[in-house]
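[1] When you get a sec, could you give me coordinates for this:
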Amino acid sequence: MSNYCPTCLRPKSRCLCSFVRNVQHRTPVFILQHSKERLHPKGTAKLAQLCLSNCTLISGKAFDKTVREITSKYRPLLLWPSDPSLQASENMASDENDVSERKPIALIAIDGTWKKANKIYLSHPQLQSLPKLNIEGRENQYRHRKSPSDQHLSTLEAIYHGLNKLEGHTESDVQQEALFTELLDAQQTMIEHWFDGFEPPNQQ
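    The predicted structure is shown next:
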């Protein structure tokens with residue numbers, strides 16, 4: 001009998017499944033994950049994939065074919081820091097004119113340590129040429145892994161902010177509540193139990 005959960009691929013003693021929340025969204029999400037991150041016990045990409053209704057996680061080191069396949073079907077926006085002049089405008093992200101003649105938008109996130117993620121980005125010219133979705137200015141709530149600054153988000157947090165930018169509104173809009181908060185709830189619940197002896201909550 002395997003000691004690994006067949007769903008989240010973690011050891012059964014560290015199974016993520018009890019933290020999963022059901023998050024419905026329109027925009028397809030693709031996570032390009034460094035192969036060494038796949039079984040990292042503190043990674044958030046797998047939790048994000050399990051929560052999201054339309055998310056594909058691909059592990060590896062070379063993603064040229066994957067990026068070509070995504071761009072053949074979608075207009076991808078990359079969740080990556082960039083010069084403001086190179087970022088996708090909100091008009092591009094939300095314009096619905098002639099939608100039947102345009103490819104649907106998708107989000108791409110790169111998952112790994114900052115060093116590994118940066119290596120993937122720099123080794124794939126196709127990724128570098130993609131428009132970037134600006135989610136800068138958000139503070140990292142997942143501080144249990146090393147990052148260059150508080151502005152460098154976990155993969156789950158980056159996707160959360162990206163989806164809010166595309167499908168809802170910014171969290172700074174005090175007139176409305178942010179969408180997809182179940183994602184952050186899932187991460188926070190994992191944090192609370194992960195660093196407290198790891199006792200997964202009972203599923204309802």
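[2] Quick check: the gap between the spatially closest residue to K36 that is not a sequence neighbour and L50.
    Of all residues not flanking K36 in the chain, K116 sits nearest, at 6.7 Å (Cβ to Cβ, 6 or more residues apart in numbering). From N, CA and C alone the C-beta is placed, and that goes for glycine too. K116 sits 22 Å away from L50, going by Cβ to Cβ, to the nearest Å.
[3] Check L77 too.
    22 Å.
[4] ditto for P41
    Applying Cβ to Cβ to P41 and L50 gives a distance of 15 Å.
[5] Neighbour count for those two, which is higher?
    For P41 versus L50, the count of surrounding residues by other Cβ atoms under 10 Å is larger for L50: 19 against 10.
[6] What part of the chain, helix or strand, is modelled with the least confidence?
    Least confident element among the helices and strands of the chain, by mean pLDDT, DSSP states H and E: helix 90-94 (a mean of 48).
[7] Mind listing the strands the helix or strand just after that one pairs with, and their directions?
    Toward the C-terminus, helix 90-94 is succeeded by strand 105-111 as the next helix or strand (DSSP states H and E). With DSSP bridges as the test, strand 105-111 is paired with strand 29-34 (parallel), strand 75-78 (parallel).
[8] What segments of this structure are helices?
    Remark: helices assigned in the chain by DSSP state H are 45-51, 64-73, 90-94, 114-122, 125-129, 155-167, 181-194.
[9] out of these, nearest to L107?
    For these, proximity to L107 was assessed by Cβ to Cβ; helix 155-167 is nearest, at 5.0 Å.
[10] Please identify the buried residues of the closest one?
    Within helix 155-167, the residues that qualify as buried are 155-166, counting by 16 or more other Cβ atoms under 10 Å.
[11] Kind regards, and thank you for your time.
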